[in-house]
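J.: Sequence and predicted structure, then a few things I'm wondering about:
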Amino acid sequence: MDINKVISLFGKEYRDSELVEFFQKDGLDIVKNVQDYMKTDDYEGAESSVYVEYPLRGYSLVFEDELDFFDIADGVYGESGRYYFICIHIYAQGVDGYNQYKEEIVNGIKITDSNEEVRKKMRSNYKRHDFLDVDIWENVNGIKVFVDYKKKNTPQIISLSLTK
C-alpha cells in the first residue's frame, strides 16, 4: 500500500470516491465499515470519531466528525453523518490482535526498525515522552508521526495523522 497516497487522502470524507477506491484495492470496504461501526455500542455516546480496523493487513483508520474536523462550535456529533479521514495506526505483529504491517511507512521506516533506526531515519527533532515511551514528530510533510514503543526496542504502533 502506498503510504504517501494514504497521507494524500487525509481530510477526505469517508464516502469520497478516491478514498473508497484506494482502500477497496487493499480489500477494505470503507463505506460499509464506517456505517457498520456507527451501529455499534462503541459508537453510541462517542460519535466524535469512527474507527475502521483491518487487523489482517496491520492497520486501522480514524475518521473525525465534521464538528471537530471543521472546528464547528455548535451541533450534535454524528448528526450529519459526515466523517473525515484523519489518521492511520500501523501495528507490529500481535499488538492488539493485529498482523504486522509489512511495508515502509514514512522516511523509509518499518515497524520492525529499532527505536534508534526510527530516530535516525526520521532525522528531525522530536518530542520524547519517557513516561508513555513514545516519540512524536510534529510536522513531517504536513503530518504528525507518533511512535509508540510500549517499553520495547521496536515500534509497536506508528500513527500518522493530519496536522491541523
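T.: Received, thanks.
J.: State which strand of this protein is the longest.
T.: Taking DSSP state E as the criterion, the chain has its longest strand at strand 83-91.
J.: Listing request: residues of this protein with sub-threshold pLDDT.
T.: Applying pLDDT under 70 to the chain picks out residues 164.
J.: that older thread, please list the outside residues in contact with the longest strand of the chain.
T.: The contact list for strand 83-91 (C-beta atoms under 8 Å, 6 or more residues apart in numbering) reads 6, 9-14, 19, 34, 49-50, 55, 58-66, 69, 98-101, 105, 111, 156-162. From N, CA and C alone the C-beta is placed, and that goes for glycine too.
J.: That strand: which residues count as buried?
T.: 83-91 (16 or more other C-beta atoms under 10 Å).
J.: cool, stretch 38-54 as well?
T.: In terms of neighbour count (16+ other C-beta under 10 Å), stretch 38-54 has its buried residues at 43, 47, 49-54.
J.: Off-centre distance for it?
T.: 15 Å (C-alpha atoms, centre = their mean, to the nearest Å).
J.: Dump it to PDB, restricted to CA.
T.: Extracted in PDB, the C-alpha atoms of stretch 38-54 (Å, rounded to 0.1, in the frame of the first residue of the first chain):
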ATOM      1  CA  MET A  38     -22.000   3.600  13.600                       C
ATOM      2  CA  LYS A  39     -24.300   0.700  14.600                       C
ATOM      3  CA  THR A  40     -22.000  -0.500  17.500                       C
ATOM      4  CA  ASP A  41     -22.200   0.200  21.200                       C
ATOM      5  CA  ASP A  42     -18.700   1.800  20.900                       C
ATOM      6  CA  TYR A  43     -20.100   4.500  18.700                       C
ATOM      7  CA  GLU A  44     -23.100   5.200  20.900                       C
ATOM      8  CA  GLY A  45     -22.300   8.200  23.000                       C
ATOM      9  CA  ALA A  46     -18.900   8.700  21.400                       C
ATOM     10  CA  GLU A  47     -19.900   9.900  17.900                       C
ATOM     11  CA  SER A  48     -17.000  12.300  17.500                       C
ATOM     12  CA  SER A  49     -14.900   9.600  15.900                       C
ATOM     13  CA  VAL A  50     -15.300   6.400  13.800                       C
ATOM     14  CA  TYR A  51     -12.800   3.600  13.700                       C
ATOM     15  CA  VAL A  52     -12.200   1.100  10.900                       C
ATOM     16  CA  GLU A  53     -10.000  -1.800  11.800                       C
ATOM     17  CA  TYR A  54      -8.100  -4.000   9.400                       C
END
